[in-house]
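Enquirer: What follows is a predicted structure for the sequence shown.
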Amino acid sequence: MKAGRKVLLYGFLGGLSAVLIAAVGLFVWVRWEQHLPGEQTVRQQFDVHRAEYVYFVSLLQKDRGARFIGNDGSSEAGSGKTRVVPEYRDLMRKIGAKFVTVREDGSMEFAHWGFGCAICSDSYMGVRYFPADHNAQTGAGWLPKLVNSLESKNLPWEKGTVADGLYVVQLEPEWFIYRLQINE
């Protein structure tokens, strides 16, 4: 009888240990993925790759159907059709973006840092293009809020975290550093 209890006890403790390790690992991974850099890092990244950003924007403006570009160069259209564009893939690698979102108003968000999932908050940071001749009549989703700093402590808070929103700091007339925060 004692041997049976030992087996059950060791099995239970082993299972409990596995669950705890998995939970801690998931927590650490999500925190690491959601780490956002300082604005200076994003400014330097933009300065180094400015020509690639400008060229990428010119390509996407000609490709009217593109709505989402994955890091592998896959271009997803609003109709749901996906195609791989090698030039997009090469540009994504050069600038180091995770994905690009093309909005109906002509703005584009190049996401470089951050993380999002179905059961957690989404927090992304990167470079945003907002054309001077944007289509103000189009529902663009998130309206950008111009702020002085994207540091969490300087943004509006709600329920113990940064409030939902698209926060931007201007780099040039049509270029911004952005932070998109969506809390689940």
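Expert: Sure thing, it's come through.

Enquirer: C-alpha only now, for contacts and for neighbours.
Expert: Will do.

Enquirer: I'd like to know how far residue 14 sits from residue 6.
Expert: Per Cα to Cα, to the nearest Å, residue 14 is found 12 Å from residue 6.

Enquirer: How about residue 169?
Expert: Residue 169 is 61 Å from residue 6, by Cα to Cα.

Enquirer: Looking at the two, which one has more neighbours?
Expert: Using other Cα atoms under 10 Å, the more surrounded residue of residue 169 and residue 6 is residue 169, with 20 against 11.

Enquirer: residues contacting the more buried one?
Expert: 146-150, 176-178 (Cα atoms under 8 Å, 6 or more residues apart in numbering).

Enquirer: Strands along this structure, start to end?
Expert: Applying DSSP state E to the chain gives strands spanning 66-70, 74-77, 82-84, 99-102, 108-117, 120-129, 144-146, 157-158, 161-162, 165-172, 175-182.

Enquirer: could you say what helices and strands the fourth one packs with?
Expert: Contacts defined by 3 or more Cα pairs under 8 Å, 6 or more residues apart in numbering; DSSP states H and E place strand 99-102 against strand 66-70, strand 108-117.

Enquirer: Can you lay out the ones you listed as CSV showing distance to residue 77 and mean neighbour count?
Expert: Shown next, in CSV, are the helices and strands packed on strand 99-102 (distance: least, Cα to Cα, whole Å; neighbours: other Cα atoms under 10 Å):
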stretch, distance to residue 77, mean neighbour count
strand 66-70, 5, 21
strand 108-117, 14, 20
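
Enquirer: I'd like those written out as CSV, with distance to residue 159 and mean pLDDT added.
Expert: Listed next are the helices and strands packed on strand 99-102 as CSV, based on distance: least, Cα to Cα, whole Å; pLDDT from 0 to 100:
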stretch, distance to residue 159, mean pLDDT
strand 66-70, 31, 93
strand 108-117, 18, 88
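
Enquirer: Let me have these in JSON lines, extended by distance to residue 158.
Expert: Below are those laid out as JSON lines (distance: least, Cα to Cα, whole Å):
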{"stretch": "strand 66-70", "distance to residue 158": "29"}
{"stretch": "strand 108-117", "distance to residue 158": "18"}
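
Enquirer: of all the ones you listed, which lies closest to residue 55?
Expert: strand 108-117 (12.8 Å; Cα to Cα).

Enquirer: Quick check: can you list the domain ranges of this structure?
Expert: As given by automatic domain parsing, the domain ranges for the chain are 1-33, 37-182.

Enquirer: Pull out the buried members of the contacts of residue 169.
Expert: 149-150, 176-178 (16 or more other Cα atoms under 10 Å).

Enquirer: Run through the residues that contact residue 85.
Expert: Neighbours of residue 85 in contact, by Cα under 8 Å, 6+ apart: 73-75.
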